[in-house]
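Participant: Okay, here's the prediction I keep looking at, along with the sequence it came from:
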Amino acid sequence: MENKIRSLIEKPINDNNYQLDEVKYEKEDNNYFLRIIIDKDGIVDIDDCVFINNLISPILDENDPIKESYILDVCSKERGRE
């Protein structure tokens with residue numbers, strides 16, 4: 001599933017000068033998360049994550065690659081580093 005999602009969103013992300021680092025679909029407690037991890041030259045901030053979220057949401061909605069309800073989480077490659 002992650003490869004299918006990557007194939008849908010990687011080009012639009014790259015076309016906007018970001019890199020798609022990783023796609024993860026995982027369950028935490030009773031919730032499913034689709035984590036899209038992005039990178040770019042320089043620091044990725046919240047505005048970048050919101051931009052990519054708004055960019056890929058319509059693509060995911062149109063193609064509907066995941067049948068369950070899930071939370072879309074766009075985050076930086078640097079998330080969680082000390």
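Facilitator: On my side now, so go ahead.
Participant: Would you tell me what the next helix or strand after the helix or strand containing residue 6 is?
Facilitator: Assigned by DSSP states H and E, residue 6 belongs to helix 2-15. Following helix 2-15 in sequence order, the next helix or strand is strand 19-28 (DSSP H and E).
Participant: Identify all contacting residues around that following strand.
Facilitator: Strand 19-28 is contacted by residues 1-3, 5-6, 9-10, 13-14, 32-40, 66, 70, 77 when judged by C-beta atoms under 8 Å, 6 or more residues apart in numbering. Quick note: C-beta positions are derived from backbone N, CA and C, even for glycine.
Participant: List the buried residues of that strand.
Facilitator: 20, 21, 23 (16 or more other C-beta atoms under 10 Å).
Participant: now those as TSV including pLDDT and distance to residue 62?
Facilitator: Listed next are those as TSV, based on pLDDT from 0 to 100; distance: C-beta to C-beta, whole Å:
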residue	pLDDT	distance to residue 62
20	97	18
21	96	23
23	97	17
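Participant: what about stretch 62-82, average pLDDT?
Facilitator: The average pLDDT for stretch 62-82 rounds to 83.
Participant: Off-centre distance for the helix holding residue 6?
Facilitator: When C-alpha coordinates are averaged (C-alpha atoms, centre = their mean, to the nearest Å), helix 2-15 and its chain have centres 9 Å apart.
Participant: Output the contacting helices and strands for that helix.
Facilitator: Helices and strands touching helix 2-15, as assessed by 3 or more C-beta pairs under 8 Å, 6 or more residues apart in numbering; DSSP states H and E, comprise strand 19-28, strand 31-39, helix 46-63.
Participant: follow-up on the earlier one: ChimeraX command to pick out the buried ones of the contacts of strand 19-28?
Facilitator: Applied in ChimeraX, the following selects the buried portion of the contacts of strand 19-28 according to 16+ other C-beta under 10 Å:
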select :5,9,13,34,35,36,37,38,39,40,70
